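What would the 3D arrangement of this be:
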Amino acid sequence: MEFILLGLGQLPDLQILLFLMFLVIYITTIAGNILIIALVVTDQHLHTPMYFFLGNLSCLENCYTSTTLPQMLASLLTGDKTISFSGCITQLYFFGSLGCTECCLLAAMSYDWYLAICKPLHYSTLMNTRFCLQLAAGSWLNGSLAIAIFILFMSPLIFCGPNEIDHFCCDSIPLIKVSCSDTHLIILLDFILACVFTLPPFLLTLTSYVCVIATILKIPSTTGKQKAFSICSNHLIIVTIFYGTIMIVYMLPKRETLRDLKEVFSFCYTVLTPPVNPSSTA
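Numbering: from 1, shown residues only. The predicted structure is shown next:
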């Protein structure tokens, strides 16, 4: 009927410090992204494809952090590390679907940057309102459907043994590990989904930014070149950390020696990148 999340229980002496740190991160993330969304909606000058995607990313980041951080904060404050079975599956669905959506959305944003800088004469024609809506809607829909299929494949699994999940949230692999059923098929599906939603978007993002940087280097103005390169490189670093940590967690072999390392990387894309991702783009 319930699971026990052990992820942060191994650091009892740091509970208060972790609570304060995560609380500041959560408040900063929510407040910063709400401010970005408000500016994008109210300022007519920001009704452009770039800021449309930025508004979507800010909304997604708020939803993404809200799937895990409130439960982590409550656990650190009260010491109660239990989560109901239905709550765990619900958290897994939103955590996974929003993560997949972000992978697609970041790729769409990088393509927008590529068109804006490398194809400026054709930008308004190629990146029209309809195409922007299709890219955004496709990102949200693909993420939702992919994890819905994953949850459907998980439904036959039986959980009859230990109810302790060695993670700070209900993620797929830690949850599958406590199942008593044959999990080879669901582990393979998890790997396939990780490949589909990280490798192609990451390669598209990387290719787009290589083209963007090559175009920036041709700018005659030193000041303009430095400003554009700074914005582009900052966002590329954040995006690489996001994609890279996800690929390490979900695509490397499931070995016990990598367990603690993967949990640290999980914190990177779950807790650390959401506060800085939209701001680095803006």
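
same for the strand or helix carrying Cys88, what does it pack against?
Taking DSSP states H and E as the definition, one finds Cys88 inside helix 85-118. Applying 3 or more C-beta pairs under 8 Å, 6 or more residues apart in numbering; DSSP states H and E, one finds that helix 85-118 contacts strand 2-5, helix 49-66, helix 123-126, helix 129-154, helix 172-177, helix 184-216, helix 222-251. Bear in mind the C-beta positions are built from the backbone N, C-alpha and C, glycine included.

Please export the C-alpha coordinates of the helix or strand following the second one as CSV.
Which is helix 49-66. Next helix or strand after helix 49-66 toward the C-terminus (DSSP H and E): helix 69-78. C-alpha atoms of helix 69-78 as CSV (Å, rounded to 0.1, in the frame of the first residue of the first chain):
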residue,chain,number,x,y,z
LEU,A,69,10.5,18.9,-4.2
PRO,A,70,7.3,19.5,-2.0
GLN,A,71,7.3,15.8,-1.1
MET,A,72,11.1,15.9,-0.3
LEU,A,73,10.6,19.0,1.8
ALA,A,74,7.8,17.4,3.8
SER,A,75,9.9,14.3,4.3
LEU,A,76,12.8,16.3,5.6
LEU,A,77,10.6,18.4,7.9
THR,A,78,8.5,15.6,9.4
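
Contacts for helix 69-78 next, please.
By C-beta atoms under 8 Å, 6 or more residues apart in numbering, the list of residues contacting helix 69-78 from outside reads 5, 8, 15-16, 18-19, 22-23, 25-26, 29, 80-81, 83, 91, 168-169, 271.

Can you flag the buried ones in those residues?
5, 8, 18-19, 22, 25-26, 29, 81, 83, 91, 168-169, 271 (16 or more other C-beta atoms under 10 Å).

Filter those down to the ones in helices?
Per DSSP state H, helices hold the following members of the buried ones among the contacts of helix 69-78: Leu18, Phe19, Phe22, Ile25, Tyr26, Thr29, Gln91.

how about low-confidence regions in this structure?
Scanning the chain for pLDDT under 70 picks out the ranges 8-12, 221-225, 227-231, 234, 253-263, 275-282.

Can you pull up the most central residue in it?
Closest to where the C-alpha atoms of the chain average out (C-alpha atoms, centre = their mean) is Gly99, at 4.0 Å.

Please give me every residue in contact with that residue.
The contact partners of Gly99, by C-beta under 8 Å, 6+ apart, come to Tyr64, Gly143, Phe197, Ile246, Tyr269.

7 Å instead, please
Listed by C-beta atoms under 7 Å, 6 or more residues apart in numbering, Gly99 has no contact partners.

returning to that earlier point: let me have the ones in helices among the buried ones among the contacts of helix 69-78 in JSON lines, adding distance to Leu73 as columns.
Shown next, in JSON lines, are these (distance: C-beta to C-beta, whole Å):
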{"residue": "Leu18", "distance to Leu73": "9"}
{"residue": "Phe19", "distance to Leu73": "6"}
{"residue": "Phe22", "distance to Leu73": "6"}
{"residue": "Ile25", "distance to Leu73": "10"}
{"residue": "Tyr26", "distance to Leu73": "7"}
{"residue": "Thr29", "distance to Leu73": "12"}
{"residue": "Gln91", "distance to Leu73": "14"}
